[in-house]
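>>> okay, sequence plus prediction incoming.
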Amino acid sequence: MTHRFFWFILAFFGAFFPRLHAGAPPLLSNAIERWVAGSEDLAFTQQTRFFGDDGRVKKERIERFDPSLPDSQRWRLVEVDGQPATDEQRKKWESSKNRNPRKKVVKSPTEYLDLDNARLVANTPKSARFEIGLRPVAMRLLAVDDILVAITVDKGSGGIVRISATLRQPISVLLGLARITDLDVDVRIQSVDKGSAQKSGEFQIGSTARVTVSKLGNPMEYNWSDFKRVTSFGKSKQPS
């Protein structure tokens, strides 16, 4: 379940765009092309919290995911209930978590994001912000009008510098077995001028993503932070 929610959020990050629609605004489409030309996956820290009927946290884990490592090492347990994970806890949890090969993203975000109809909602000499709706095919997963996605492009560097997604109201998923009650994505990326020798595409400190889910009445919260672009294990590094 965690994988499905997180990969859906990654779709908003634009990490897997293989093609662009002809009608997308040139500034936006060029920025996405530059994003794709960099490293192709994300490492992140994940906080998983489970709540009781009284609203208090009854269990909490902090985990680190790094797809640049082999499948058997990609997930690492860091903390359990505020304490460093013991060797026994790590061995049991990591063995189970890393047992199966990592899941692949079958569909591209272009199947869900309506790039052709992206709207320019803010335009300054330095940046432009676009709001992007979801394509009708996404209605099979959730209510299209309930999620707002925005991408900000830096005009100097031509790169994406901020991605956000928010939930207008709670939505049902998984045939009503679960509800997403809160979604808050705020990812900021370092801007590097064209021609600069500095490494581009690094995530700024403070970038976060959060989703709160109620599955069969049991509230769960996932928080993601410490993002880092990496090259997937077994794949050669692409030129940046």
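Noted; the coordinates are in hand. Numbering: from 1, shown residues only.

>>> what is the least confident helix or strand in this protein?
In the chain, no helix or strand scores lower on mean pLDDT, DSSP states H and E than helix 2-13, which sits at a mean of 51.

>>> what about Arg74, distance to Ile62?
For Arg74, the distance to Ile62 equals 16 Å [C-beta to C-beta, to the nearest Å]. Heads up, the C-betas are built off the backbone N, CA and C, glycines and all.

>>> correction: Val80
For Val80 relative to Ile62 (C-beta to C-beta), the value is 8 Å.

>>> more crowded one of these two?
The residue with more neighbours, out of Val80 and Ile62, is Ile62; 20 against 17, by other C-beta atoms under 10 Å.

>>> tell me who's in contact with that one.
Thr45, Gln46, Gln47, Thr48, Leu77, Val78, Glu79 (C-beta atoms under 8 Å, 6 or more residues apart in numbering).

>>> neighbouring strands - and their directions - for the helix or strand containing it?
For Ile62, the enclosing helix or strand under DSSP states H and E is strand 57-65. According to DSSP bridges, strand 57-65 forms sheet pairs with strand 41-51 (antiparallel), strand 75-80 (antiparallel).

>>> could you give me the average pLDDT of the longest strand seen in the chain?
The longest strand of the chain (DSSP state E) is strand 218-230. Taken as a whole, strand 218-230 carries a mean pLDDT of 86.

>>> could you pull out the strands for this protein?
Counting by DSSP E, residue ranges of the strands within the chain are 41-51, 57-65, 75-80, 83-84, 119-123, 127-132, 147-154, 160-167, 171-173, 178-188, 208-215, 218-230.

>>> in stretch 204-221, which residues are buried?
The neighbour-count check on stretch 204-221 (16 or more other C-beta atoms under 10 Å) flags Ser207, Ala209, Arg210, Val211, Thr212, Val213, Ser214, Pro219, Met220, Glu221 as buried.

>>> surely Tyr222 touches Gln47?
Yes - between Tyr222 and Gln47 there is a contact at 7.1 Å, judged by C-beta atoms under 8 Å.

>>> burial check on Asp116, number of neighbours?
For Asp116, the count of nearby residues is 15 (other C-beta under 10 Å).

>>> hmm, I was thinking of Gln46
By other C-beta under 10 Å, the residues close to Gln46 number 19.

>>> could you measure from it over to Asn223?
Distance from Gln46 to Asn223, by C-beta to C-beta: 7 Å.
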